Structure formats: structure tokens, C-alpha cells
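Q: predicted model, plus sequence, below.
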Amino acid sequence: MRLKIEFVDRLGIAQEILAVLAGRGLDVIAVEVDPPHIYLEAPALLPADLAGVDAAVQAIPGVRQATEVSMLPGARRQLYLDALLASLADPVLAVDAQGQVVVANAAAAQAIGLREDQLSGLSLHELTGDAGLADTLVSHDYRLPVGEVQVGGQPYLLETVALHESGGRVAGAVLTLHAPHRIGERLSALQNYSAGGFEAILGRSTAIRNLRQRAARMAQVDAPLLIRGETGTGKELVAHACHAGSRRHGQPFFALNCAALPESLAESELFGYAPGAFTGALRGGRPGLLELADGGTLFLDEVGEMSPYLQAKLLRFLNDGSFRRVGGERELKADVRIISATHRSLEDMVESGAFRQDLLFRLDVLQVVVPPLRERAEDILLLAQAFLERACSQAGRPPVRLSRAATAALQSNPWRGNVRQLQNVIFRAVTMSDAAVIDTDNLELADAATAAQTVLDEDSVTRLDEAVAGYECALLQRLWPKYPSTRRLAERLGTSHSAIAARLRKYGISN
């Protein structure tokens, strides 16, 4: 039985309480004193004897009462501490001031390849194989920045938190080992917390419905996927959706823009680097995106801009899943699905020698093409409304709406920058205008004459009816302020006023 005895603290009272129990032949195997309580565990004490023991100890001056408890506080703390350590997925070790392991969790035992009880007493040198690192940690009182170490033959980022005695002296530290793929999971969760699936690809047009249907089928196939499309069409959005719809949806997703980084930086971002690989590198090296994304998906945007050297390294990874860090000699493995995207013709680049044909064959196993906005004109207003609501929310202003003239201008614009350009136009209009209705002037699109010229640009024309409608809308927008009545405008253009009225209604043009 376990007892909690409440008392008034005075010299020798704990000894007197123990003497009472000893006089009754009760062996006390555990004692914890936490004034104003003393906790005892006496296995031979039976519930029937509790009343007699309570009366005997209350006869001691200063003792108030004795009650039964289910667990001693120290045992309770140890139970919850063990449960806490066991629940941690990262390896955690507590070491003393000399770097000897005092306690470790199950994840640490698994990483090192020993039982938890076998870890006790091991030195940091024995754990990491790096005597210099262990000595540095101890000599610097465990105050070192996060660095990489090798434990059990695998790389980990080592994080240390020093433990101090009441006088301030360092009594040891808690060491946490972060595996690259675990760091990748957390970074991915932070970066992609709002990324959606196929529901985030807005549109009701036939082209966009076909895209969602095709991409959803390919998302379930664990093979490289190549996304083609013009700049600003939303290729990364499709890549996010394909990851969310795959069996890897619970694993990390990372993106690398191959056009945004020079070759040396892109190489270290993708493959990581070994300790001392170059001047300014972290002491312990750094994992690359392939290690961080292990088990998940890596999106290579603008893969056509990748240098020939990086193309060769990527090809090797696609062949067998192995790679080396920059400056490293050890072969590493990672299970990563590669989704790539480009707005360029990779076939033409192969012909010119700028892109490896064998790499193209490895990347182009599955393929989807994202249609440009001009081929899904019926989605323009739907997208504009979604961007309008988002922009108002970001700007912290009440909802606004588009005028009929503004909607006509949006529909007639050629949108060379595709969905990204439309989003930028809407955001700029909401930000720069205080009006409750967004009009044509707020959109800051090209003027009617320029728009008409753009429509007639032979490189942008895809369908005759779209070109005619765009020119017609631009012309009416330019002439309507000068001839603000259907009869006057009809007379100017040599047609009937009913025809002009119908076209004005069609394009949403009014005073």
C-alpha cells in the first residue's frame, strides 16, 4: 500500500513516522518527502490495517492524517516521462557534463541499433564516431549551433539544449537528432499548409475539366510526370494537386525553380553538400531537397533551364535513386517522385543539344498540358471573381465587384501572362482603388487601340471568332465615350442602332 501523510514540518518528524511503521513490522521500500507531505510505499500494509496506522502516526506531534494513494509522485513522474520520451519520433538522449548517456528514448535506441538500457553510459564519441565533435560539445558547455552528425551510419542534424544546476553550472544536455526526412515533413507542412488538391484548379471549361480528369489519373501512378504549359498557366498548382492525389500525399512536397538559381547553388539545394565542401558551408554539411523529400515528391519547375552537368546528376538519380552530396564520397539513396514542368519545347532543345534526350525520356513518362487562358475564355470571369475575393481579403477591405465594362475588358484581353497576369491585374485594381465597383480604368489594361492591335497580332490569334470579338469590343470601348448613344454610334459605324445596342450589351459597355 502507498500512503500520503500530511504533516507540519519540523526536525525529525520523518524519522518518527518511519519508526512507527518499523514498530509494526512494515518494510518501507520507497520514501519521498515533499513538505508538507511524506509519501511511503509499504507492500505488507493491508487496507484493514490502515485505520490503526493512521491513528498511530496522528499521535505524532505535527502529523495531521494518513491517506492511501495509487502512486508515489516520483513514480508518476517517471511513468509520464517514459511515455513522453517513447512518443517522440525523433531520437532524444540526455547526457551528463562529461558526455555520457544517462537516458535515451526508443527512437534513439532504434537509430543507434542498441537497446535503451545498453545506451546508458555510452560516450558521445562512441555514438558519433567523431571525437573532435564530442570534445567540442563538452568544452563549449553544449552551446554550439545545429550541425550534422553521423549516428548509426545515417546523417542527422544535432540540436543541443544545455541543462544547468541551481548554481548555473552545466550539468549535461538534452540532445535531439533530426533525420532529414523528418525535417522535410515539417518544412513541407509549413510551406504547403494551404496548397489544395484538384479542387484548387478553378474552371468550368472543357479544357480545364479534361486537364483535371487526366491529371487525377496520372497522380495515382508513381512515375515521373512532365507538366507542359505557357508561363503563368498554373503548372505548380497542378503539381501540388497531383501530389495531393497520390499515395505520397502524406509525405513532403518541395519545389525547386531551376531557372532561379545558378548551377552551383542549384546543385547544393538539390543534392545537399558534405562537411567542408566549400567556403562558408555549415560545419556538419547540409541535406538537399532530395533527402528532405524522401518518401514524397520533388517538383522541378522550368526543368529546361537546368545545366548539362545537373542534367547528368539528375539522370543518375532517376536511374537508380542514388546520388552524392556536393563534395561528398558516400552514396545516398532517396525515394522521391519527380514532377517537372517547362514552358519550352524540350524536343527542340534536344535537337539543338541544350537538353539530354535520355533525360527527356526519363522525365516524360507521364505528361499533362496546361491550357493557356485564351483557350479557356469561359473561365476568365470565374477566376477573376475568385481573385477579387482573395484580394479583398488580403487588403482587408469590403467586397467589391466588377462593372460590366470591366468584365468585357477582361474577356477581350489576350492574357499573354495567362492566369498569373489576370491575378496580378485584379490584385492591383483592388489595392489601388477605393471604389466599390472596379471599372475598366482601375484594371490598368492596355488601351483599346493597343488591345485591338494585340488581337490582330498573328502570333496571338488562335480562333477567328475570338479575334473578331476582341477587336469589336476594343473598337466599341474606344468610340462609345465619343458617341454616347446607340444612334450616334450606329451612324458613325454605318449600321443599325439595334445592332450596336446588342453588341454593347454583349460586351457590357455602358456609361
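A: Yep, it's here.
Q: ok, now which ones touch L360?
A: L346, E347, V350 (CB atoms under 8 Å, 6 or more residues apart in numbering). (Glycine included, C-beta is placed from N, CA and C.)
Q: buried subset of these?
A: When the contacts of L360 are checked for burial by 16 or more other CB atoms under 10 Å, the buried set is L346, V350.
Q: so what pLDDT did L373 get?
A: At L373, the model reports a pLDDT of 92.
Q: tell me which residues touch it, please.
A: T233, D379, I380, L383, W415, N418, V419, L422.
Q: which SS class is A255?
A: Assigned state for A255: strand (three-state reduction, DSSP: H, G, I helix; E, B strand; the rest coil).
Q: how close does A241 get to R209?
A: Separation of A241 from R209 (CB to CB, to the nearest Å): 14 Å.
Q: tell me how far stretch 504-511 lies from the chain's centre.
A: In terms of CA atoms, centre = their mean, to the nearest Å, the centre of stretch 504-511 is found 46 Å from the chain centre.
Q: buried set for that stretch?
A: Buried, per 16+ other CB under 10 Å, within stretch 504-511: L504, Y507, G508, I509.
Q: what mean pLDDT does it get?
A: On average, stretch 504-511 scores 72.
Q: what's in contact with it?
A: 403-408, 411-412, 472-473, 476-477, 480, 484, 486.
Q: how about the residues you listed, which pair is most distant?
A: Spanning the widest gap among these are Q411 and P484, at 21.8 Å by CB to CB.
Q: those two: which is more packed in?
A: Q411 (20 against 11; other CB atoms under 10 Å).
Q: where along the stretch 101-250 of the chain do the helices fall?
A: Along the stretch 101-250 of the chain, counting by DSSP state H, counting those that start in this stretch, helices occupy 106-112, 116-119, 124-128, 131-139, 180-191, 206-219, 235-244.
Q: where does this structure dip in pLDDT?
A: 185-186, 188-195, 276-284, 446-467, 510-511 (pLDDT under 70).
Q: scan it for its longest strand.
A: In terms of residue count, the longest strand belonging to the chain (DSSP state E) is strand 154-164.
Q: with just CA atoms, put it into CSV.
A: Extracted C-alpha coordinates of strand 154-164, given in CSV (Å, rounded to 0.1, in the frame of the first residue of the first chain):
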residue,chain,number,x,y,z
GLN,A,154,22.9,7.9,-41.1
PRO,A,155,23.1,11.7,-41.1
TYR,A,156,21.2,13.6,-38.5
LEU,A,157,21.1,17.3,-37.5
LEU,A,158,22.1,17.6,-33.9
GLU,A,159,20.3,20.1,-31.7
THR,A,160,21.6,20.6,-28.1
VAL,A,161,19.9,22.2,-25.1
ALA,A,162,22.2,22.6,-22.0
LEU,A,163,21.0,21.6,-18.6
HIS,A,164,22.1,23.7,-15.6
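Q: distance-wise, check the closest residue in space to R247 that isn't next to it in sequence relative to V400.
A: Spatial nearest neighbour of R247, excluding adjacent residues (CB to CB, 6 or more residues apart in numbering): D222 at 6.6 Å. Per CB to CB, D222 is found 45 Å from V400.
Q: settle it for me: which of the two has more neighbours?
A: Neighbour count, other CB under 10 Å: between D222 and V400, V400 has more, with 20 against 12.
Q: what sits against the more buried one?
A: Contacts of V400 by CB under 8 Å, 6+ apart are L388, C392, V430, S433, A435, A436, V437, I438.
Q: now which of those residues would you call buried?
A: Here, 16+ other CB under 10 Å leaves L388, C392, V430, S433, I438 buried among these.
Q: so which of those residues sit within helices?
A: Judged by DSSP state H, the buried ones among the contacts of V400 include L388, C392, V430 as members of helices.
Q: save these as a markdown table, and put in distance to V8 too.
A: Shown next, in a markdown table, are those (distance: CB to CB, whole Å):
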| residue | distance to V8 |
| --- | --- |
| L388 | 73 |
| C392 | 67 |
| V430 | 71 |
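Q: looking at these, spot the one nearest A162.
A: Of those, the one sitting nearest to A162 (CB to CB) turns out to be C392, at 49.1 Å.
Q: G296 and R416: what is the separation?
A: The gap separating G296 from R416 is 34 Å, by CB to CB.
Q: which one's more surrounded, A241 and R209?
A: A241 (23 against 13).
Q: excluding its backbone neighbours, what's nearest that one?
A: In space, and not counting its chain neighbours, A241 is closest to F198: 4.6 Å by CB to CB, 6+ apart.
Q: same check, this time on G129
A: Using CB to CB, 6+ apart, the closest residue to G129 is Q150 (6.3 Å).
Q: also I60?
A: I60's closest residue in space is E16 (CB to CB, 6+ apart), at 5.1 Å.
Q: how close does the one you found get to L50?
A: 19 Å.
Q: confirm that R64 sits in a strand.
A: Yes. Per three-state DSSP, R64 lies within a strand segment.
Q: before we move on, the earlier item: in helices only, show me the contacts of L360.
A: Those of these lying in helices (DSSP H): L346, E347, V350.
Q: where's the nearest residue to the second one once chain neighbours are set aside, which helix or strand?
A: Put plainly, it is E347. Excluding its sequence neighbours, the residue lying closest to E347 (CB to CB, 6+ apart) is L360, at 7.5 Å. For L360, the host element (DSSP states H and E) is helix 357-363.
Q: beyond that helix, next helix or strand please.
A: strand 366-369.
Q: contact partners of that following strand?
A: Here strand 366-369 has contacts from 211, 214-215, 218, 221, 223-229, 238, using CB under 8 Å, 6+ apart.
Q: number of nearby residues for L133?
A: Per other CB under 10 Å, the neighbour tally for L133 reads 21.
Q: one more: A162?
A: 16.
Q: also A22?
A: 12.
Q: how near is it to G52?
A: 15 Å.
Q: now do A334
A: 69 Å.
Q: which one's more surrounded, those two?
A: A334 (23 against 10).
Q: picking up where we left off before, just the contacts of stretch 504-511: which are in helices?
A: R404, A405, A406, T407, A408, Q411, S412, E472, C473, L476, Q477, T486.
Q: need those residues in CSV (columns: distance to Q78).
A: CSV is the format used below for the ones in helices among the contacts of stretch 504-511 (distance: CB to CB, whole Å):
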residue, distance to Q78
R404, 73
A405, 74
A406, 69
T407, 69
A408, 74
Q411, 70
S412, 74
E472, 82
C473, 77
L476, 82
Q477, 78
T486, 88
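Q: OK, contacts around the nearest residue to E378 once chain neighbours are set aside?
A: Counting by CB to CB, 6+ apart, S205 is the residue found nearest to E378 once chain neighbours are left out, at 4.9 Å. By CB under 8 Å, 6+ apart, the residues touching S205 are P371, R376, A377, E378, D379.
Q: excluding chain neighbours, what is closest to the second one?
A: Spatial nearest neighbour of R376, excluding adjacent residues (CB to CB, 6+ apart): S205 at 4.0 Å.
Q: look up how far S139 lies from that neighbour.
A: 67 Å.
Q: name the nearest residue to L21, sequence neighbours excluded.
A: Closest to L21 by CB to CB, 6+ apart is V28, at 5.7 Å.
Q: beta partners for V103?
A: Here V103 sits in beta bridges with A94, as judged by DSSP bridges.
Q: thought it was touching D96?
A: No. Look at V103 against D96 with CB atoms under 8 Å: they stay out of range, at 10.3 Å.
Q: the residue nearest to G129 against D130, yeah?
A: Yes. Using CB under 8 Å, Q150 is in contact with D130, at 7.3 Å.
Q: got the CA positions of the host helix or strand of S498 in PDB?
A: Element membership of S498, judged by DSSP H and E, is helix 497-507. Presented in PDB, the C-alpha positions along helix 497-507 are these (Å, rounded to 0.1, in the frame of the first residue of the first chain):
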ATOM      1  CA  HIS A 497     -28.800  51.100 -83.700                       C
ATOM      2  CA  SER A 498     -30.300  47.800 -82.700                       C
ATOM      3  CA  ALA A 499     -27.100  46.000 -83.800                       C
ATOM      4  CA  ILE A 500     -25.000  48.500 -81.800                       C
ATOM      5  CA  ALA A 501     -27.200  48.100 -78.700                       C
ATOM      6  CA  ALA A 502     -26.900  44.300 -78.900                       C
ATOM      7  CA  ARG A 503     -23.100  44.500 -79.100                       C
ATOM      8  CA  LEU A 504     -22.900  47.000 -76.300                       C
ATOM      9  CA  ARG A 505     -25.000  44.600 -74.100                       C
ATOM     10  CA  LYS A 506     -22.800  41.600 -75.200                       C
ATOM     11  CA  TYR A 507     -19.600  43.300 -74.100                       C
END
